[in-house]
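Q: Kindly return the folded structure for what I paste below:
(one chain, ligands or ions: 1)
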Amino acid sequence: MQGLMMDYPLTIQTILERVNQFYPRKEVISKLPTGVHRYTYGDFYRRVHRLANVLQDLGVKPGDRVATFSWNHYRHLELYYAIPCMGAVLHTLNIRLFPEQLAYVINHAEDKAIFVDASLLPLVERIKEHIGGVGTFVIMNDTGQPPQTALEPLADYEGLMAGAAETFAFPQLGENDAAVMCYTSGTTGEPKGAVYSHRAIYLHSMAECMADTLALSERDTIMPVVPMFHANAWGVPFAAPMTGASQVFPGPFMKPPDLAGLIQDEKVTFTAGVPTLWFGLYHLLMQEDYDMSSLRAMVVGGAAMPQSLIEDFEKNLGIRVIHAWGMTETTPLGTVANLKSNMDSWSEADRYSVRAKQGTPVPGVEIRAMDEAGNIVPWDGQTMGELQVRGPWVIRSYYNDPRSPQSFTDDGWLHTGDVVTIDPEGYMQITDRTKDLVKSGGEWISSQALENALMAHDKVLEAAVIAIPHPEWQERPLACVVIAPEHKDQVTKEELLAFIRPKFAKWWLPDDVVFVEELPKTSVGKFDKKVLRERYKEYGL
Ligand code: ADP
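A: I've put the predicted structure just below:
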């Protein structure tokens, strides 16, 4: 049977129309160096149309890639809509990529124009000799001063907007048309491009709002702290307008007092970010008083959130933490750790241990784990295997990349490179990335499990466990630990090992602990274990 349902393309255009039709008075708030900027979704809608005219005048055609190099703020949101709605492809550039990687992704994507925050110009200037193919640099002046730059040809965002008409007839798009692209942050290798279709983003937004996912609703005021330059700020800039929720953007103000201040002043109800951010926020809130009563939940992902911190946030501050997992390749949300109703009667300790897992797949996503022999591992919560996923918002190839085939199984699943267990209730728990596992005498040791146990110690701020070469066991774990400044020099290696000893088999325990001032981080704030492995590759055990 054919033709029973309407052929209605799932596009970002429909989200844009909806937010203007039903929620034109809801606010979008951005903190910028020039002050707090506020306007409504109605204003936003009109400016998105102006911006589409601007893009057209710049010569942008359907299918062209247009890049952003920008913090989270209202102009970035305008680009999030105008570019895909006119049929072009929004390419969010990671402002923390190394210069060579940045030039590589700009050239690989063949970006036609780059919209750049004036405050970030120096980072683009460093590579100007290597990105000659970019037609125009459009400056979004967030500093209030005339920008000084050698980049050319140059245009000013507000100047172009002032001269543009407020109406634009968006073309009819297909739901499988490309809308957004983002390169992986390169934690484990060179960046690879993921291109998301309109349909993927639309379906992902719906799934994100579901009650047992993040339960986003019109009543929320949502602050995505996770950058809009990485994995679409976890889809919040698309999901929030779909529901009519207000949005609060921190701009370049990412320090704990800025975030706490915004949550308090704007009555933020929901926020999203990586664990390192929330470590900092937790320590601030334990020392200083802020009114966090508006905050109903924070979603945490991108790296493992230690169970101890989930408990601390809830027990000491009354802030609910939702642990989630995703990847650039999965638009990005894949799993969320909410409890099922049958777990209400479980002990508190058991419930927290479920919520510290990465969770069950959201509707639309399927998961399985496979061992090295190619067998699907049982869902017993014990057996480790590599996580594979599939679903309507999982990419099926990398953009123009010969490495693509090796990332997918013959039967169409994505290799995630994450090593996991899945329990009988279907909750997935990451034990490691394949590249971070410690392989000791042929057995796997989970570096993440050791890190989480170390970070549960109240004097430990951060801990990363890496594999270092060992003559007998091939690899052994080494723990690199940052002690909280107020407890500096008060903790010994023996004390830390004694603290975690009851939780692990003896052969899992790190062979040594080194105390460091800080841990190297990747462009998106994850522990950079590549750097640590290099640093300690000749460490004698
Ligand atoms: P990159 O691969 O460059 O780090 P991504 O942001 O796409 O960039 O990273 C996705 C990876 O981050 C996942 O494959 C997983 O290893 C890790 N990750 C994401 N969420 C979590 C989480 N909640 N717990 C542990 N690891 C996570």
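Q: Which pLDDT value belongs to the closest residue to the ligand within the stretch 1-150 of the chain?
A: Scanning the stretch 1-150 of the chain for the residue nearest the ligand gives N94, at 9.3 Å (criterion: C-beta to the nearest ligand atom). In short, each C-beta sits where N, CA and C put it, glycine included. Note on N94: pLDDT of 94.
Q: per-residue confidence at D436?
A: D436 is given a pLDDT of 89.
Q: ok but it is inside a helix, no?
A: No: D436 is assigned coil when assessed by DSSP: H, G, I helix; E, B strand; the rest coil, not a helix.
Q: so who does it touch?
A: Contacts for D436 (C-beta atoms under 8 Å, 6 or more residues apart in numbering) come out as 447-448, 466-467, 529.
Q: cool, and G251?
A: Counting by C-beta under 8 Å, 6+ apart, G251 makes contact with 30-33, 71-73, 142.
Q: How much space separates it from A463?
A: G251 sits 31 Å away from A463, going by C-beta to C-beta, to the nearest Å.
Q: Over to V389?
A: V389 sits 28 Å away from A463, going by C-beta to C-beta.
Q: just V138 next, same as before
A: V138 sits 43 Å away from A463, going by C-beta to C-beta.
Q: hang on, the earlier thing: of V389 and A463, who's got more company?
A: Comparing V389 with A463 by other C-beta atoms under 10 Å, the one with more neighbours is A463, at 27 against 23.
Q: That one: what secondary structure?
A: Under three-state DSSP, A463 comes out as strand.
Q: check contacts around the residue nearest to it when sequence neighbours are not counted.
A: Closest residue in space to A463, ignoring its immediate chain neighbours: L454 at 3.8 Å, by C-beta to C-beta, 6 or more residues apart in numbering. Contact partners of L454, counting by C-beta under 8 Å, 6+ apart, are 460, 463, 465, 479, 481, 496, 499-500.
Q: Let's see that with 7 Å instead.
A: 460, 463, 479, 481, 496, 500 (C-beta atoms under 7 Å, 6 or more residues apart in numbering).
Q: next one: E27
A: Contacts of E27 by C-beta under 7 Å, 6+ apart are 38, 40, 246.
Q: so what's the first one up against?
A: When contacts are counted by C-beta under 7 Å, 6+ apart, R38 is found next to 27, 29.
Q: so it bridges to which residues?
A: I29 (DSSP bridges).
Q: any idea how far it lies from I29?
A: In this view, R38 and I29 are 5 Å apart by C-beta to C-beta.
Q: Convert stretch 376-392 to CSV, retaining C-alpha atoms only.
A: C-alpha atoms of stretch 376-392 as CSV (Å, rounded to 0.1, in the frame of the first residue of the first chain):
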residue,chain,number,x,y,z
ILE,A,376,27.2,-10.2,20.9
VAL,A,377,27.8,-10.1,24.7
PRO,A,378,25.1,-11.0,27.2
TRP,A,379,23.2,-8.2,29.0
ASP,A,380,24.5,-9.3,32.4
GLY,A,381,26.1,-6.1,33.5
GLN,A,382,29.5,-7.8,33.7
THR,A,383,30.7,-8.8,30.2
MET,A,384,32.5,-6.1,28.4
GLY,A,385,32.1,-5.5,24.7
GLU,A,386,32.4,-2.7,22.2
LEU,A,387,29.3,-0.6,22.0
GLN,A,388,27.6,-0.4,18.6
VAL,A,389,24.6,1.7,17.8
ARG,A,390,22.1,2.4,15.0
GLY,A,391,19.1,4.7,14.5
PRO,A,392,17.7,7.5,12.4
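Q: who does the helix or strand of the chain with the lowest mean pLDDT touch, helix- and strand-wise?
A: The helix or strand of the chain with the lowest confidence, counting by mean pLDDT, DSSP states H and E, is strand 443-445 at a mean of 85. Judged by 3 or more C-beta pairs under 7 Å, 6 or more residues apart in numbering; DSSP states H and E, strand 443-445 is in contact with no other helix or strand.
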